[in-house]
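Student: have a look at this prediction, sequence included:
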Amino acid sequence: MWIRRRLDISWRDLFYGIAQCFIRRKESNCIEGIQRLWPRPENIFPCFSVRTGFDLLLDVLDVPEGSEVIITAVTLPDMVRIIEDHGLVSVPVDITPDTMGCSRESVQKVITPRSRIIVLTNLFGGRFPADDIIDTAKKEGLIVVEDLAQSFSGCIEDGHPKADVSMFSFGTIKTATALGGAVMSVRDPDIRDAMTERYSSYPYQTRRSYLLKLLKYTLLKTATYRMTFGILVVLFNLIRIDYDRCIHKWSRGFPGPGFFGKIRRKPCVPLLALLRRRLNRYDRGRLSDQRSKGERLLSILGENIECPGTKAGNHVYWVFPVCVEKPDDAVDLLRRNGFDATSRHSMYVVPVPEGNKTDAPDEAGRLLAHIVYLPFYPEIPFKEIERMGAFLK
């Protein structure tokens with residue numbers, strides 16, 4: 001069976017990361033090495049995770065309590081959790097399924113005198129057109145934050161040039177993963193300096209915890225191969241354990257209690273060293289191969305199946321979702337034929353705040369109620385991509 005997602009990291013990179021846990025390096029050299037890989041090194045702020053960076057950003061911005069943060073209606077619940085922890089109010093703006101973005105008109109409708117920040121979340125590997133939205137937000141005095149955690153396509157660019165902050169993630173299931181780490185591109189030097197100063201007081205992630213994570217995913221990587229995974233699925237079914245739930249749990253970034261204590265940390269030097277290596281050596285040919293397969297699958301599905309986000313620009317097909325009338329039936333059909341599809345996800349529809357007259361994000365709710373994620377990554381051959389598409393037509 002083709003597993004839904006493989007770790008985007010080689011055995012050599014995993015062993016390199018393990019070795020770094022026993023080597024002493026200067027933190028500053030690793031940070032400067034990461035910064036030099038981007039077009040504007042002076043803007044680059046490496047940190048522990050996107051959640052860490054976003055939380056830190058809201059801390060230094062120190063906007064008045066009760067201020068509104070406009071956010072794309074489909075996002076991770078942790079992002080809303082962070083906003084609320086700072087005494088701010090999340091206001092959703094509904095998405096357009098073909099790009100998974102929002103429109104200038106929908107943003108204009110939700111801006112009020114209390115609006116201070118807008119977070120534009122780019123989903124599934126695409127970049128939705130944002131020029132008009134950013135221009136509108138800037139005219140209203142809003143700080144523009146661009147969430148590109150799912151849309152990394154190499155260090156050749158560092159986000160929309162008009163955004164105040166762009167965020168990239170290299171967590172466990174992300175492109176070019178270092179099993180942790182993030183990069184913030186912060187264009188305002190005063191904000192960046194304030195973040196740097198505040199971040200200096202954070203405790204470090206321990207080498208031991210990072211080593212254990214590397215060892216854990218070195219073991220789990222063996223389970224992502226087709227034959228191994230197929231055997232594990234059979235065994236899990238025999239002992240009546242929901243493997244789908246297990247995979248979902250393993251892929252979560254910060255499970256369990258103590259969320260803010262877990263994210264308010266600095267990355268250990270071995271993580272920074274591996275992140276520098278991953279960014280410096282990342283094979284963009286993988287992304288080209290992934291794009292080709294995504295376009296092939298789209299051509300097979302045609303107009304018969306709704307494929308959210310595929311009309312967004314610069315698409316790298318980080319995941320390949322489809323919307324179907326009966327998600328459970330589609331998942332069952334694909335699994336019976338060797339494809340580990342799932343309707344389980346970590347995304348969240350941001351609710352309208354109580355008393356707010358903003359329209360409910362109905363399109364976002366409809367999409368998440370009908371979404372199925374297909375197994376999709378460069379290792380799946382074209383013939384298998386075509387076979388999978390044929391079952392959905």
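Tutor: Looks like it arrived, so ask away.
Student: any residues touching the strand or helix carrying Leu279, and which ones?
Tutor: Using DSSP states H and E, Leu279 falls within helix 269-281. With contacts defined as Cβ atoms under 8 Å, 6 or more residues apart in numbering, helix 269-281 is touched by 9, 13, 16-17, 20-21, 23-27, 30-31, 33-34, 37, 46, 155, 170, 176-181, 205, 207, 210-211, 267. C-beta: built from backbone N, CA, C; applies to glycine.
Student: lowest average confidence, helix or strand, in the protein?
Tutor: helix 243-251 (a mean of 69; mean pLDDT, DSSP states H and E).
Student: just the strands from the stretch 1-150 of the chain, written as ranges.
Tutor: Using DSSP state E, counting those that start in this stretch, the strands found in the stretch 1-150 of the chain span residues 44-47, 68-72, 74-75, 89-93, 115-121, 143-147.
Student: the longest one pairs with which strands?
Tutor: Sheet pairing of strand 115-121 (DSSP bridges) gives strand 68-72 (parallel), strand 143-147 (parallel).
Student: quick one: it to chain centroid distance?
Tutor: Centroid separation between strand 115-121 and its chain, computed with Cα atoms, centre = their mean, to the nearest Å, is 17 Å.
Student: what's it in contact with?
Tutor: 58, 61, 63-64, 67-72, 74-75, 79, 88, 91, 101-102, 107, 128, 130, 133-134, 137, 140, 142-147, 163.
Student: could you rerun that using 6 Å?
Tutor: 63, 67-72, 75, 130, 137, 142-147 (Cβ atoms under 6 Å, 6 or more residues apart in numbering).
Student: what angle separates that strand from strand 89-93?
Tutor: 50 degrees (axes from the mean of the first three to the mean of the last three Cα atoms, to 10 degrees).
Student: ok, Pro353 to Val91 distance?
Tutor: Pro353 sits at a distance of 6 Å from Val91 (criterion: Cβ to Cβ, to the nearest Å).
Student: quick one: which of these two has more around it?
Tutor: Val91 (23 against 13; other Cβ atoms under 10 Å).
Student: rewinding a little: columns mean pLDDT on top of the strands of the stretch 1-150 of the chain, output as JSON lines?
Tutor: Listed next are the strands of the stretch 1-150 of the chain as JSON lines, based on pLDDT from 0 to 100:
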{"stretch": "strand 44-47", "mean pLDDT": "97"}
{"stretch": "strand 68-72", "mean pLDDT": "97"}
{"stretch": "strand 74-75", "mean pLDDT": "96"}
{"stretch": "strand 89-93", "mean pLDDT": "97"}
{"stretch": "strand 115-121", "mean pLDDT": "97"}
{"stretch": "strand 143-147", "mean pLDDT": "98"}
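Student: closest one to Leu297 among those?
Tutor: When those are ranked by proximity to Leu297, the top entry is strand 74-75, at 21.5 Å, counting by Cβ to Cβ.
Student: note down every partner strand of that closest one and its orientation.
Tutor: Counting by DSSP bridges, strand 74-75 is paired with strand 348-349 (antiparallel).
Student: so which residues make contact with the partner strand?
Tutor: In contact with strand 348-349 (Cβ under 6 Å, 6+ apart) are residues Ala73, Pro77, Pro361, Ala364, Gly365, Leu368.
Student: now do the buried residues in the one helix or strand the last one maps to.
Tutor: Secondary structure assignment for Leu368, by DSSP H and E: helix 362-369. Applying a neighbour-count criterion of 16 or more other Cβ atoms under 10 Å, the buried positions in helix 362-369 are Glu363, Ala364, Leu367, Leu368.
Student: could you give the average pLDDT over the following helix or strand past that helix?
Tutor: Proceeding N to C from helix 362-369, the next assigned helix or strand is strand 371-374, under DSSP H and E. Strand 371-374 shows a mean pLDDT of 96.
Student: just the CA trace of strand 371-374, in PDB.
Tutor: Output in PDB follows, covering the C-alpha atoms of strand 371-374 (Å, rounded to 0.1, in the frame of the first residue of the first chain):
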ATOM      1  CA  ILE A 371     -12.200  16.500   1.700                       C
ATOM      2  CA  VAL A 372     -10.000  13.400   1.100                       C
ATOM      3  CA  TYR A 373      -6.200  13.500   1.000                       C
ATOM      4  CA  LEU A 374      -4.600  11.200  -1.500                       C
END
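Student: please pull up the helix or strand immediately following it.
Tutor: Assigned by DSSP H and E, the successor of strand 371-374 is helix 382-392.
Student: so which elements touch that following helix?
Tutor: helix 284-301 (3 or more Cβ pairs under 6 Å, 6 or more residues apart in numbering; DSSP states H and E).
Student: about what we covered before: starting at the chain centroid, how far to the helix holding Leu279?
Tutor: That offset, for helix 269-281, works out to 18 Å (Cα atoms, centre = their mean).
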